[in-house]
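no sequence for this one, just the structure:
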C-alpha cells in the first residue's frame, strides 16, 4: 500500500485509504476546480505507526478503563487527552519517517501548509460529522509537519469522536485516519457554502469572513451570511456581521487581528462573488450527487475549494446531551469573552442576588406568603442553574485548551502536569477553609475555647473569636450540602472546628517554586506576540480552574436561602400535623401551605445501612484514575449524607460519589480521597491538588464497595484503591 498519494494518483479504489475529504479534493481537482496542491498520507501510515510503536494496545487499555455509559464528560476528555499524549510522546519509527519525508519535501519544501483530517466514513452521506477531528493551518518545516500528522492521527480518538463512537464505527483494531497535507492559500476572504440549507431544503447558505477560514470554523469571527434561492440562485437576504476582526497567519498558526476601518463597513463578498461561491457548491454537487458543504477562500480574486463534504441534516448533533457536550468546545477568543462576563457580571450579580435573599425575612410571613416565597427563591435558584450550565461549565474548556497547548510544547510524562501550574488560585472554598483553619488555630492555642464550643456557648468565647466566627458566617453564609444546612449556632459545626483543631497543619513545601520554574520553561517556547498569547491562555486557564469551584460555592449561597424557606415550611407543616416532614419536596410543601386541609404524605427515610448491607467485602483492589499524587492509608469514611459529613475525623479517607464544592470544608481533614465520579477537572481532583492530598477518581461503585471503617490504601500515582489490611510503601512515583 502506498503511504502517500498526490491528488492526481487518487482513484475510486483508494477511497478507503484516503478518506472522504481526500477523495473529494482529488475529484474536484480532476474536474478543473482551483484546489491547492495537496497529498494524502493514507490510512496505511496510521496503521503502521500504531502497530510498530505498540500504541494500538495502549489505546485499548485507555478506552476500556471504564464502561463508556458510566463516563461523564470530564472522564471522556481525560481519556482523549491521555491518548493524545501517547501520540505526542511517541516518535515515528525511522523507516516510516524515511518514507514520508521525501514525499513531503518534494511538494512542500519551504512552503506553509494546512494539515487536515480525512477519516474514512467521517464525511459520508449517511454520517457527516464536521469538527470531530483536528485540522491545523499555517504549518511549516519538516518536523512540524510530522508532529501535526501525529496530532491529526490522535484526533481519531478525540473526545468529540468518542462521543459518536457508535455512529462512526470506532474500533481500535480496524479504525484508521488519513491525513491531507495541503499547500496554504493565504486568502483575503474565506468561508463556507451550504449547497442546501440544513434547515430549509429550498435554500442555500453562503457565509464569509475577512482573513482565514479558521476564524469562522472555530467561532472566533462571526460571518456575514447570505440566504439564496437554491433553484434560481437569487439572493433572498443578507445578514451582515460586526466585522471587527479577522484571523491572519502567525508563526506556527494564526492570530486574531483587528479589521481595518475601511473594511468594517464593506461585506467580504460582492453579490457576483456570492453567486460564484454558490456555483462552486453546485459544481461539487454535480460531481458527488448530494448537496455539499464546501470550504473556500478567495486569494487574489481566484476562488479556491479547500474541502467538501456532503450535507446531512441533524446527523452531527444527535441527542441533547451530546449537543450540549459539543458546545463545551470554545475558541480562545470566546473564552476571553466568557471570562470577562463571569468575572465582571455573573459572579457579582450572583453575590448580590444572594445578599438580597438574605435580607428577605420569612418569620412573619403567613403560610400562603411563605409558599410564594419558596417558589420565588426556587425560581431564582433555577435561573442561576441555567446560567451556570450555559456559561460557567463551558468556561472549563479554558483548562482543557491550556492543557493541550502545554502538552504539545512540553511533552511531559504526566499528561496532567499542567494542572500543577493552576494550583494556588484564590478559590472561594479555599478562602472559606482558611477562615475555618484560623478558628481552629485559635483553639489549638487556647483550649478553653473548645470547652465553650462543646457546650454551644459561643457567646462566652473571646470577643475576637466571636467576631472571626461571625465574619466567616457573613462572608459565606451557612455551610450547606444537599438538603442539610449548618447554621452559625449548629453544634455540629462547632464540633467540626474542634476536630480541625486536633490535626497538625501541613507545612509548606517547595512545590510552588518548582511550578514557577516549570511555568517559565513553558513560556520560554514563545516569543513576541505568541508569548503574550501564552500568558493570556494561562490567565484564562487559572480563571477557569478557579471558577470551576467558585461558581458552585456562590450558587450554594442562593441554594441555602431556598433551603431556609423550605425548612421553615416543613417545620410549620410538621408542627401542625405532628409528623416527620424532612423529606417533603418543594411542590408538596407549597401545596400544603396553601391548603390547610390537605394532609402531607408520609415519606420513608431511606436507610443507607440497609442499602449497603448486601455487600460482603474482602481485601480487594479497585481501579480508577489518578487525580492527586501520593499514597495514603487510613480508615474509610463513606459520605452519603450530612451526618456522615460532620462525623468525619482527621486522617480518614473520604469516600463519596463526588466531592461537591459545598462539602470541601472537610477535605483538609482527609488523608486521601476516593470518588465514583471521574475526571481531572472535577471538584474533588481540583481541591485534592490544592491540598496535596492523594486522590483517585472514577472508581465505579466506590461508596458501595467500601464501607465506613474499612482500612483503605489510596495510590494517587497509579489510580489504585486497596481495601483491607494490605498497605503500599509511600514512595515516589516511578
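All right, it came through fine. As the structure is a computational prediction, the values presented were derived from the model and not from experiment.

please count neighbours and contacts with C-alpha atoms only from this point.
OK.

how about low-confidence regions in the stretch 1-150 of the chain?
Residues of the stretch 1-150 of the chain meeting the criterion pLDDT under 70: 1, 121-131.

cool, the stretch 601-734 of the chain as well?
For the stretch 601-734 of the chain, applying pLDDT under 70 flags the ranges 601-619, 661-662, 725-734.

hey, where'd the helices end up in it?
Counting by DSSP state H, counting those that start in this stretch, the stretch 601-734 of the chain has helices at residues 608-612, 642-645, 683-691, 702-705.

again, but for the stretch 251-400 of the chain
261-264, 271-288, 320-326, 332-341, 347-358, 367-387, 393-395, 397-410.

could you give the angle of the next helix or strand after the last one to helix 683-691?
Looking back up the chat, that one is helix 397-410. From helix 397-410 onward toward the C-terminus, using DSSP states H and E, the following helix or strand is helix 428-445. Here helix 428-445 points in a direction 50 degrees away from that of helix 683-691 (axes from the mean of the first three to the mean of the last three C-alpha atoms, to 10 degrees).

just give me the neighbour total for residue 173.
Other residues within reach of residue 173, judged by other C-alpha atoms under 10 Å, total 12.

I figured it hits residue 56, correct?
Yes - with contact defined as C-alpha atoms under 8 Å, residue 173 reaches residue 56; the gap is 7.5 Å.

now the nearest residue to residue 444 once chain neighbours are set aside: how far from residue 445?
With sequence-adjacent residues excluded and distances taken as C-alpha to C-alpha, 6 or more residues apart in numbering, residue 444 is closest to residue 501, at 5.7 Å. Plainly put, residue 501 is 9 Å away from residue 445 if you go by C-alpha to C-alpha, to the nearest Å.

how close does residue 158 sit to residue 74?
Residue 158 sits 13 Å away from residue 74, going by C-alpha to C-alpha.

residue 572 now?
42 Å.

where does pLDDT dip in the stretch 351-500 of the chain?
Applying pLDDT under 70 to the stretch 351-500 of the chain flags residues 425, 477-490.

neighbour count winner among residue 158 and residue 74?
residue 158 (21 against 17).

of all the helices of the stretch 601-734 of the chain, which lies closest to residue 537?
helix 683-691 (18.7 Å; C-alpha to C-alpha).

what lies in contact with the closest one?
If you take C-alpha atoms under 8 Å, 6 or more residues apart in numbering as the criterion, helix 683-691 is touched by 420, 423-424, 545, 548-549, 627-629, 658-661, 664, 667-668, 673, 675, 679-680, 694-695, 697.

could you pull out the strands for the stretch 551-700 of the chain?
In order along the chain, the stretch 551-700 of the chain carries the following strands (DSSP state E, counting those that start in this stretch): 620-623, 625-628, 631-639, 653-656, 672-675, 695-697.

so which of those is the most packed in?
strand 695-697 (a mean of 34; mean count of other C-alpha atoms under 10 Å).

show me what it packs onto, helices and strands only.
strand 625-628, strand 672-675, helix 683-691, strand 711-715 (3 or more C-alpha pairs under 8 Å, 6 or more residues apart in numbering; DSSP states H and E).

would you list these in a markdown table and tack on distance to residue 200?
Formatted as a markdown table, the helices and strands packed on strand 695-697 follow (distance: least, C-alpha to C-alpha, whole Å):
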| stretch | distance to residue 200 |
| --- | --- |
| strand 625-628 | 46 |
| strand 672-675 | 47 |
| helix 683-691 | 43 |
| strand 711-715 | 56 |
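
among those, which is nearest residue 60?
strand 625-628 (15.6 Å).

run through who's touching the closest one.
Residues outside strand 625-628 that contact it (C-alpha under 8 Å, 6+ apart) are 678-680, 685, 688-689, 692-699, 715-720.

next one: stretch 286-305
The contact list for stretch 286-305 (C-alpha under 8 Å, 6+ apart) reads 27-28, 33-36, 125, 185-196, 212-213, 277, 280-282, 284-285, 306-311.

swap in stretch 407-415?
With contact meaning C-alpha under 8 Å, 6+ apart, stretch 407-415 is reached by 81, 82, 85, 88, 89, 418, 522, 525.

buried ones among those?
For the contacts of stretch 407-415, a neighbour count by 16 or more other C-alpha atoms under 10 Å gives the buried set as 81, 82, 85, 88, 89, 418, 522.

what is the nearest of those to residue 218?
Residue 218 has its nearest neighbour among these in residue 81, at 19.6 Å by C-alpha to C-alpha.

quick one: that closest one is in a strand?
No - the assignment for residue 81 (DSSP: H, G, I helix; E, B strand; the rest coil) gives helix, which keeps it out of a strand.

not counting sequence-adjacent ones, nearest residue to it?
residue 415 (7.2 Å).
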